[in-house]
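Can you look at this prediction? I've put the sequence above it.
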Amino acid sequence: MNSPPGQDQPAPAVPPDSARLLFLMADIGVVLYLILDIAAQSLPPHYNPISTAESDLAVGPYGYIMAINFLNRGLLSLAFLYAFLRTVAASGVDSAKFRTGVYLLGVWGVGALLLAAFPTDVPSSPVSWHGAIHLVVALLAFIGGAFGTISISMKLGDYETLRGARRFALALAAVAVLFLLLLFGLPFVAPHLASKIGGVTERVLIGSVLTWILYVSVYLVRRKETLAPVP
């Protein structure tokens, strides 16, 4: 039944159906990322996951698997962002409140797409032009992912129905920032140690951001209420 003239229409459900589908696609993308990463790691030339960067998996006879996974990471991240913005807009919330975090996480997503196009240089090989681009893009993408998640997480508490997501989302984002600092700071403080654990440090950073995307998307899909500012 239509509401009488002058009576406020009820706010739409959160998230809208189109956003739910994109959130689902992002969740599937995260699971697929793990599967493809394991597959690439298990194939020759068998890089050491503890000490060797994940990007090295894109170099070698089966490097195309990791290249596909970079594309997957970029697409799932951008799908999540679009769904997130659709969810916010459908509830009448000013998306500008999340602008900084969305832009930063967008850098993470676009950066992953570019990583697929510009392969890295494996250790002990000369730095190539595409390897140099890869390093710069990876740095910007990691910064965007870590600080983008923490920026959005800090704003989740501003809305009653998102308060429950804030604590765990913020914890995941804090882990991402911590390992970002370790990844790029440890080589200056303890270069020998950094060379031994650089691979796992990078993987924890990437895993934290992807787990954050998975957690927030699942949380939003399960919400039935509309977003409402906390009094």
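All right, it came through fine.

what ranges do the helices span in this protein?
Along the chain, the segments classed as helices by DSSP state H run 17-42, 63-90, 99-117, 129-156, 163-189, 191-222.

can you put the ones you listed in CSV and add mean neighbour count?
In short, each C-beta sits where N, CA and C put it, glycine included. Output for the helices of the chain, formatted as CSV (neighbours: other Cβ atoms under 10 Å):
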stretch, mean neighbour count
helix 17-42, 17
helix 63-90, 21
helix 99-117, 20
helix 129-156, 20
helix 163-189, 17
helix 191-222, 19
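
and of the ones you listed, who's closest to T52?
helix 191-222 (4.6 Å; Cβ to Cβ).

Does anything pack onto that closest one? Which helices or strands?
Secondary-structure packing of helix 191-222 (3 or more Cβ pairs under 8 Å, 6 or more residues apart in numbering; DSSP states H and E): helix 17-42, helix 63-90, helix 129-156, helix 163-189.

what's around S91, how many residues?
19 (other Cβ atoms under 10 Å).

sorry, back to before: I'd like the helices and strands packed on helix 191-222 as a markdown table, with mean pLDDT appended.
Output for the helices and strands packed on helix 191-222, formatted as a markdown table (pLDDT from 0 to 100):
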| stretch | mean pLDDT |
| --- | --- |
| helix 17-42 | 95 |
| helix 63-90 | 94 |
| helix 129-156 | 96 |
| helix 163-189 | 96 |
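
before we move on, back to that, compile the helices of the chain into JSON lines and extend it with columns for distance to P123.
JSON lines is the format used below for the helices of the chain (distance: least, Cβ to Cβ, whole Å):
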{"stretch": "helix 17-42", "distance to P123": "16"}
{"stretch": "helix 63-90", "distance to P123": "15"}
{"stretch": "helix 99-117", "distance to P123": "17"}
{"stretch": "helix 129-156", "distance to P123": "11"}
{"stretch": "helix 163-189", "distance to P123": "13"}
{"stretch": "helix 191-222", "distance to P123": "9"}
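
With that, I have no additional questions.
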